[in-house]
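>>> here is my input, please return the structure:
(chains A and B)
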Number of protein chains: 2
Amino acid sequence: MRDAYTDQLDAIFDDLAAISRRVQVAVAEATEALMTGDATIAEKVISEDAVIDRAREQVEERAFELLSLQAPVAGDLRTVVAALRMVAELERMGDLSVHVAKIARLRVPDVAVPDEVRPTLSRMAAVAEDMVSRVHDVIAGRDVEAAIALGRADEEMDQLRRTSFTELLSGEWAHGVEAAVDIALLGRYYERIADHAVSIANRVIFVVTGHNPSAA
Amino acid sequence: MRDAYTDQLDAIFDDLAAISRRVQVAVAEATEALMTGDATIAEKVISEDAVIDRAREQVEERAFELLSLQAPVAGDLRTVVAALRMVAELERMGDLSVHVAKIARLRVPDVAVPDEVRPTLSRMAAVAEDMVSRVHDVIAGRDVEAAIALGRADEEMDQLRRTSFTELLSGEWAHGVEAAVDIALLGRYYERIADHAVSIANRVIFVVTGHNPSAA
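Down below sits the predicted model:
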């Protein structure tokens, strides 16, 4: 049974899905700037973050309107509050992409990532981007199966982060402290993007099933 | 004019103030573990984070109850939603204290912080702890003046972070890559604690004045 409440809630989820696509582009472009030392692309990621921030404000306004006018209770209320949290996490993922782009920009015309750690860092970036892409599908389709699968992708991210530390701390690191600090912080940023992706997926599971997977 | 709504909202803010005190203890103890290499205190911070997590759940339940039973609108609704965000940020500050404690634990019986960067890192830790203490007062007193002052404390944190990078990258760093990575990540964790403190203070300003300082 469709009603005004359902339409408004669908509109909020459509907005969330659209924002997740923007975040995916931000992650992909920040990574491109990082791996190629392209200042123009880095600047684009940094300046376009304002679009994600504005989109977040719009979702918040829609959610407040829904809460004010419809005064939802129980599951409906939890869904609207979950949407408010999801949009905050998407905005944060955009901020983390900006942090990656800023490290890229700081090292131009050099590239922040030494050759020998490129495979691990490229894979971290690819996993992060893939997780954001899957977050889009999880939100757009309220897809619990896909949300559960996202938790498994995060395990690869955790493993990659351990590999990255091993590479840094092997005793054979020849790229100095600056590059090591860059790699450690970049690893942290990609890991946090993945964490937020899992958190959003868990919120969708909660919205659809009423069961909170992270509390298990 | 006092009513059931006001009492319930006050109870939520009392809970938030109590959680901020717990976070302050977590930051202080994580720093103590870090600076002394004390594994017992590190373990305490890590295990007691569950108390903050449970307290967060209680605030969320109270807020949901208020939204369900009272269906607040306009400023009242924004206050409850702000409380939900503030408790999420306080929980995150607890998580960041755990990250500090885990670096401390990883280096036991050594100490992660070399002598020459101790002044800067100790000051970062002190500023972070002070900011959390002030967040308590801001929440407990709905204190807009104190909230505005918190933004200025954050400027010192930004300056300390720049100093820390200068120390790491001066070319005279003699403590290897592992210590450098530790210091960079620790700096990031304290900086994020400060960021969340400012964000909470801004939410209190918004709740009291109806004006959002971060949107200026």
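
>>> which residue does chain A have closest to chain B?
Of all residues in chain A, residue A:71 sits closest to chain B, at 3.7 Å by Cβ to the nearest Cβ. Placement of C-beta: from N, CA and C, glycine included.

>>> what residues are up against that residue?
B:71, B:73 (Cβ atoms under 8 Å, 6 or more residues apart in numbering or on different chains).

>>> that one and residue A:32: what is the separation?
Taking Cβ to Cβ, to the nearest Å as the measure, residue A:71 falls 46 Å from residue A:32.

>>> and what of residue A:22?
Residue A:22 is 16 Å from residue A:32, by Cβ to Cβ.

>>> okay, the two: which has more neighbours?
residue A:22 (20 against 17; other Cβ atoms under 10 Å in any protein chain shown).

>>> now name the helix or strand holding the more buried one.
Using DSSP states H and E, residue A:22 sits in helix A:4-36.

>>> so what's the nearest residue to residue A:52 once chain neighbours are set aside scoring on pLDDT?
Closest residue to residue A:52 apart from its sequence neighbours, by Cβ to Cβ, 6 or more residues apart in numbering or on different chains: residue A:94 at 4.0 Å. Residue A:94 is assigned 98 on the pLDDT scale.

>>> contacting residues around residue A:94?
By Cβ under 8 Å, 6+ apart, the residues touching residue A:94 are A:22, A:23, A:26, A:49, A:52, A:53.

>>> and for residue A:39, nearest residue in space, chain neighbours not counted?
Nearest residue to residue A:39, sequence neighbours excluded (Cβ to Cβ, 6+ apart): residue A:108, at 4.4 Å.

>>> can you count the residues close to that neighbour?
Counted with other Cβ under 10 Å, residues neighbouring residue A:108 total 15.

>>> try residue A:69
By other Cβ under 10 Å, 12 other residues sit near residue A:69.

>>> ok, residue A:144 next?
When neighbours are counted by other Cβ under 10 Å, residue A:144 registers 18.

>>> returning to that earlier point: just the angle between the helix or strand where the residue nearest to residue A:52 lies and helix B:74-107, please?
Assessed by DSSP H and E, residue A:94 sits inside helix A:74-107. Here helix A:74-107 runs at an angle of 60 degrees relative to helix B:74-107 (axes from the mean of the first three to the mean of the last three Cα atoms, to 10 degrees).

>>> what's the following helix or strand after helix A:74-107?
helix A:118-141.

>>> when you scan that next one, is anything in it near chain B?
No: using Cβ under 8 Å from any Cβ of the partner chain, helix A:118-141 stays clear of chain B, coming no nearer than 14.3 Å.

>>> how about that helix: buried residues?
Within helix A:118-141, the residues that count as buried by 16 or more other Cβ atoms under 10 Å in any protein chain shown are A:120-121, A:123-136, A:138-140.

>>> and it, average pLDDT?
Summarised as a single mean, pLDDT over helix A:118-141 is 98.

>>> and for stretch A:37-45?
Stretch A:37-45 comes out at a mean pLDDT of 98.

>>> chain B contacts on chain A?
Proximity of chain A to chain B is confined to A:64, A:67-68, A:71, A:73-74, A:77-78, A:81, A:84-85, A:88, A:165, A:168-169, A:173, A:177-178, A:180-181, A:184-185, A:188 under the rule Cβ under 8 Å from any Cβ.

>>> of the residues you listed, buried ones?
Burial by neighbour count, 16+ other Cβ under 10 Å: within the residues of chain A next to chain B this picks out A:64, A:67, A:71, A:77-78, A:81, A:84, A:88, A:165, A:168, A:173, A:177-178, A:180-181, A:184-185, A:188.
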